[in-house]
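1. Here is a sequence with its predicted model. Questions after.
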Amino acid sequence: MRTIPPLASPRKMAKGMVSPVHGLPYKVILRIMEMLEDDLQVVSRLMRTSRFLRTAVVLHLQVKVHNVLRRLGVGDPKMLVWSLDRWQALLSGPDFLDVLLTGSVPVTKFTSRLEIHIPLDVGYLDKVVEAIENFGFKVTREWTDRQSVRMNGQLWLDYEALDVVTSKVVQLKNKDFQYAYIIMGRSITTSFLSILAQPTTAFMNAISSNTIHVLYPRLTNARRGIINTRKPAKAVPGILQYFQHTIDVKTRLSDWKEYADHHCGQDANCPFKLRDMLDGLSGSFPIVAKPLHFTHPRIPVIPQLIWRLRCASSCEKMKPLPGQEHGEVGHYIWKGGWIEDIDSAEDDE
């Protein structure tokens, strides 16, 4: 019986010093990844084929995450990613779409930014600020009240009504005029809250210390994104204009022909259905070969995050089935097991 050769370390594999998969050099594996990475489903299946291919894919995704972080001004990407789970933090933003879909980010056309999303915890905020300052960034602005968070969130980040899900934002800048944003949400239990307010579903991806989370993999895999505004936009707003050549951005679900007869909320793949973190509709890709053991959750059992997108209102006229609710537009704050708007009738106009 033929024995399976031992798996080499990722560092040696990356340098091409050894053959990681049954004699195949890393450059060959890298080329295979580049050919397949535009289809997230194929990459997911490939990872389940064998331990060797899984490690090769993990290494490839890890390298891509680190490359994006270096481009954003992070001097030690490995250390930053390693520390995320200790802060219950997540990396997100338009730039990390390039990890999933190579070439999808027009880096020469818009101002890139590093987004770090954290739960409502001042202690975590101070630690993240200190870590980013160690990479040569300096604090330039702090948005602390709801009006400044909403106004500047729209101006700098193209977030609509960011104050509904965010309590504070710290903006930092380095000598190369690269920006970093630490976004502290209004939930003490999850960092995903503010990610649900991204300008489009295509940006609703998050990176933890060991996993890439894709909240809307069906649309993202098809290079599609829905504009996340309460009222359907008359035109593609702000930053999304730069992505129109790489992502098919629409203001309504019905703009795609296959959704012309769509019954909102009923299809398992409907992007506007009521979602939670355990519904099996999110995609995840590991970026470490082995589980990390230093995670320290705030509470023994982390509750589910339940949400429906703010842009779900654009789907209300699409042949709802009898008994289907129309008023559920955006539930974003953790209250007794549900995500709800804060004073939505008065403040979230």
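-> It's in. Numbers count the residues shown, from 1 in each chain.
2. With only the CA atoms kept, save stretch 143-155 in PDB.
-> The C-alpha trace of stretch 143-155 is given here as PDB (Å, rounded to 0.1, in the frame of the first residue of the first chain):
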ATOM      1  CA  TRP A 143     -17.400  60.200  14.800                       C
ATOM      2  CA  THR A 144     -19.200  59.700  18.100                       C
ATOM      3  CA  ASP A 145     -22.800  61.200  17.900                       C
ATOM      4  CA  ARG A 146     -25.500  59.800  15.600                       C
ATOM      5  CA  GLN A 147     -25.600  62.800  13.300                       C
ATOM      6  CA  SER A 148     -21.800  62.800  12.600                       C
ATOM      7  CA  VAL A 149     -21.800  59.000  12.100                       C
ATOM      8  CA  ARG A 150     -24.600  59.200   9.600                       C
ATOM      9  CA  MET A 151     -23.300  62.200   7.700                       C
ATOM     10  CA  ASN A 152     -19.700  61.100   7.500                       C
ATOM     11  CA  GLY A 153     -20.500  57.500   7.000                       C
ATOM     12  CA  GLN A 154     -22.400  58.500   3.800                       C
ATOM     13  CA  LEU A 155     -19.700  61.000   2.800                       C
END
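3. Identify the residues contacting that stretch?
-> Contacts to stretch 143-155, defined as Cβ atoms under 8 Å, 6 or more residues apart in numbering, come from residues 141, 159-163, 166-171, 347. All C-beta spots, glycine's among them, are computed from the backbone N, C-alpha and C.
4. Neighbours of S112, how many?
-> Residues contacting S112 under the criterion other Cβ atoms under 10 Å number 18.
5. Quick check: it touching F96?
-> No. Judged on Cβ atoms under 8 Å, S112 makes no contact with F96 at a distance of 10.3 Å.
6. Out of the contacts of stretch 143-155, which end up buried?
-> With neighbours counted by 16 or more other Cβ atoms under 10 Å, these contain buried members at 159-163, 166-171.
7. Now compare the residues you listed and name the two farthest from each other.
-> Greatest spacing in those, by Cβ to Cβ: E160 and V170 (20.3 Å).
8. Report the rounded mean pLDDT for the lengthiest helix in the chain.
-> As assigned by DSSP state H, the longest helix anywhere in the chain is helix 51-71. The average of the pLDDT scores along helix 51-71 is 86.
9. for the helix or strand following that helix, which positions count as buried?
-> Remark: after helix 51-71, the chain's next helix or strand is helix 77-83, criterion DSSP states H and E. Going by neighbour count (16+ other Cβ under 10 Å), the buried part of helix 77-83 is 77, 80-81, 83.
10. starting at the chain centroid, how far to the one helix or strand T140 maps to?
-> According to DSSP H and E, T140 maps onto strand 138-143. With Cα atoms, centre = their mean, to the nearest Å as the basis, strand 138-143 stands 23 Å off its chain's centre.
11. next one: stretch 151-164
-> 17 Å.
12. Stretch 183-194 too?
-> Here the centre of stretch 183-194 is set off from its chain's centre by 13 Å, with Cα atoms, centre = their mean.
13. Check the separation of the first and last residues in it.
-> 7 Å (Cα to Cα, to the nearest Å).
14. pLDDT below threshold where in the protein?
-> Within the chain, the set of residues satisfying pLDDT under 70 comprises 1-39, 266-268, 290-304, 316-349.
15. Please enumerate the strands of it.
-> Here the chain has its strands, by DSSP state E, at 90-92, 113-118, 138-143, 166-173, 179-185, 205-207, 211-214, 224-226, 248-250, 275-276, 283-286, 306-307, 333-335, 338-340.
16. Format those as a markdown table; extra columns: distance to S104.
-> Shown next, in a markdown table, are these (distance: least, Cβ to Cβ, whole Å):
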| stretch | distance to S104 |
| --- | --- |
| strand 90-92 | 15 |
| strand 113-118 | 16 |
| strand 138-143 | 28 |
| strand 166-173 | 25 |
| strand 179-185 | 20 |
| strand 205-207 | 11 |
| strand 211-214 | 13 |
| strand 224-226 | 10 |
| strand 248-250 | 11 |
| strand 275-276 | 23 |
| strand 283-286 | 16 |
| strand 306-307 | 24 |
| strand 333-335 | 31 |
| strand 338-340 | 28 |
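17. and of these, who's closest to V43?
-> Across the strands of the chain, closest to V43 is strand 283-286 (Cβ to Cβ), at 7.2 Å.
18. Would you mind pulling up the elements that the closest one packs against?
-> helix 40-47, helix 51-71, strand 211-214 (3 or more Cβ pairs under 8 Å, 6 or more residues apart in numbering; DSSP states H and E).
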